[in-house]
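Enquirer: Sequence and predicted structure are below.
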Amino acid sequence: MAEPGFWTAVQRRRLNRRQTLAGAAWGAAALAGAGTLACGNAKKVSQGAPSATNRGASETPKPGGNLSIFVQTNYPLDPQKVSALAQQIPGGAMSRIFKYKTSLDPATITNHDFEPDLGLSAESPDAITWTVKLRADAKFQNTPPVNGHAVEAEDIKATFTRALDPATSNPNRAALSMMDSAQIQTPDKSTVVFKLTYPYAPFRSILASPSYSWIFPREVLGGSWDPTKQVIGSGPFILDSVQPDVAFSYKRNPGYFGAPLPYADTMRVAITPDATQQLAQFAAGNLDEIEVRDPFSVPTVKLNNPKANMYKVLAGNAAPLYFQLGDPSSVFQDVRVRRAISMAIDRDVVAKAVYNGDGLNVVFVPGSMGKWSLKTQDLPADLQQYYKYNPAEAKKLLDAAGQSNLQIRFANPFFSLGSPDTAKAVEVINGMFTAIGIKSTIVNLNYNQDFVDAGKGMRQGYFDKDYIVFGNTSPYTDADDWLFSYFHSKSLSNGEHLNDKTLDAMIDKQRTLVNEDERVKAVQEIQRYLADKLYVPSTVGSYRYEFTQPRVRNYNFSDSLGKQTEMYAKIWLAG
């Protein structure tokens, strides 16, 4: 928890950066574009699947050309200094131990099956000692001070040594608590042995995760180059230039071990925050891929781009509301207030108003994670009641808690990213708050300045006690990532500054369970506990729609932060 008075000081410091919007406005339909921060993993459901000709299944790949995609904002370059979406930017030029398998079937990524990247295998007899074997043909890009040397065991050790060093200020460090840098051994150039501090069954997912495992050259520890200013990796592309507010530009890495990938000679990642501009650029042929989140606008996008390929994918996020639980004087310390907030939300109305009825309600782990996720409809009746619209009971709970005149600020951290689905959801839910007597004011924020803020933003739990923050969840790939990152008291990404020892113990235990059936049960039990405590009331998750230009071939859909390797490197361009 921050020092006394921190929350007020942060608010004063940021007032000049925020546009405050009073209100109970119930949102009108808006054009959709790319989505909110960290939309989570998505179970893919192909709808109107492109033909084999369009997808390139029966064609000979044609190397060359420029692949054009976009991101919504400027992102830092050092993946150990950031979390969530920013980690995809260095990913085009970097590699991991493993990557996720993708194919022409968009559903393949949902399995999160591993395949080799820098690593060939990772084996353990007890989930404590893990032996990783590396490929022999990988090398870093040929630039000083690395000069194209081979990727070896010492580079893996250096990467995780830096990740675990508190001086790095890695926001993901706590999620690596099973590691001890002193217990990472390199018996030879192609072998790394991790001796963990406790059994950790999903350790391979750590080695595959773009959140934790982009591999640096060992020179990163010597200070001979600055990874915040230059990306040096072994990935399919080389980051050639960065133009703030314009684009990240990549070129093909001629020494990539995965040759003939990438097929494109260059890749331009335009910085395009405005959703309307994203759609216009796609319609003009200046973008090869676009994500549409507003189902109301899908017919228009299809009409304007009749030759484009479309994929319907289930994001299934919790779209949760976050409270300040690190301040003991916060009204949200009272479970009755948290339950009232949840029962004030008519999730069916939100689904219809925002997602044209395509809604999915989960407790926290995204619905795309299948058996690991818990749908609210599957909760026992005594817990399910808190997710049902009941404004009369919500008012009673607020009265009983002495909060009949509750005043809150309802934050939309993604306003600057031009996410119309988020803006609409915030407006609709805000109207529901005011309908039960809560004096709620929408506060539209800047994602980089307010949510990220160099690791001192809302994502890390630095916000005043009268805020409710409309959020999302990072695109992780294992249930433990979501549960530990967002709820464990030792996590540096605990966005509520929650400190619940019972919950900590439950999370710690599931991390050690080698038997998958037992671990699934433990993850489900954790989510039932969250449903009882209502630390993060979920709202409504839904689908999104991926469109690609007809010239895009071999579209191996990935929603992980490693998509530049798993998807973009595999695309080739016809015509």
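Expert: Right, received. Where do you want to start?
Enquirer: use CA for all of it now, contacts and neighbours both
Expert: Fine.
Enquirer: Just the element for Ile507, please.
Expert: Secondary structure assignment for Ile507, by DSSP states H and E: helix 501-511.
Enquirer: Summarise which helices and strands that helix is packed against.
Expert: Applying 3 or more C-alpha pairs under 8 Å, 6 or more residues apart in numbering; DSSP states H and E, one finds that helix 501-511 contacts helix 479-487, helix 516-533.
Enquirer: what's the least confident stretch among those?
Expert: In terms of average pLDDT, helix 479-487 trails the rest of those, at a mean of 93.
Enquirer: would you list the helices and strands packed on helix 501-511 in a markdown table and tack on mean neighbour count and distance to Ala318?
Expert: Below are those laid out as a markdown table (neighbours: other C-alpha atoms under 10 Å; distance: least, C-alpha to C-alpha, whole Å):
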| stretch | mean neighbour count | distance to Ala318 |
| --- | --- | --- |
| helix 479-487 | 22 | 11 |
| helix 516-533 | 18 | 12 |
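Enquirer: For the ones you listed, give me JSON lines that also has distance to Ile341.
Expert: Listed next are the helices and strands packed on helix 501-511 as JSON lines, based on distance: least, C-alpha to C-alpha, whole Å:
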{"stretch": "helix 479-487", "distance to Ile341": "19"}
{"stretch": "helix 516-533", "distance to Ile341": "12"}
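Enquirer: Out of these, flag the one nearest Gln243.
Expert: helix 479-487 (31.7 Å; C-alpha to C-alpha).
Enquirer: other SSEs contacting the closest one?
Expert: Applying 3+ C-alpha pairs under 8 Å, 6+ apart, one finds that helix 479-487 contacts helix 501-511.
Enquirer: Going by neighbour count, which residues in the helix it packs on are buried?
Expert: Leu503, Asp504, Met506, Ile507, Asp508, Gln510, Arg511 (16 or more other C-alpha atoms under 10 Å).
Enquirer: The nearest residue to the last one once chain neighbours are set aside: how many residues sit nearby?
Expert: Once flanking residues are discounted, Arg511 sits nearest to Tyr200: 5.5 Å by C-alpha to C-alpha, 6 or more residues apart in numbering. Tyr200 has 23 neighbouring residues, counting by other C-alpha atoms under 10 Å.
Enquirer: Shouldn't Tyr200 be within a helix?
Expert: No: going by DSSP: H, G, I helix; E, B strand; the rest coil, the assignment for Tyr200 is coil, not a helix.
Enquirer: distance of it from Asn515?
Expert: Separation of Tyr200 from Asn515 (C-alpha to C-alpha, to the nearest Å): 11 Å.
Enquirer: Which residues are in contact with Arg135?
Expert: Counting by C-alpha atoms under 8 Å, 6 or more residues apart in numbering, Arg135 touches Leu118, Gly119, Leu120, Ser190.
Enquirer: can you map out the helices along the stretch 101-250 of the chain?
Expert: 153-164, 203-208 (DSSP state H, counting those that start in this stretch).
Enquirer: now swap in the stretch 351-500 of the chain and tell me
Expert: 381-384, 391-400, 420-435, 479-487.
Enquirer: Any idea which of the ones you listed gets closest to Phe160?
Expert: Taking C-alpha to C-alpha, helix 479-487 is the member of the helices of the stretch 351-500 of the chain nearest to Phe160, at 17.2 Å.
Enquirer: ok, of the contacts of Arg135, which one's closest to Ser241?
Expert: Using C-alpha to C-alpha, the contacts of Arg135 come closest to Ser241 at Leu118, 24.9 Å.
Enquirer: That closest one contacts Val132, correct?
Expert: No: look at Leu118 against Val132 with C-alpha atoms under 8 Å: they stay out of range, at 9.9 Å.
Enquirer: Between these two, which has more neighbouring residues?
Expert: Set Leu118 next to Val132 and count neighbours by other C-alpha under 10 Å: Leu118 wins out with 28 against 22.
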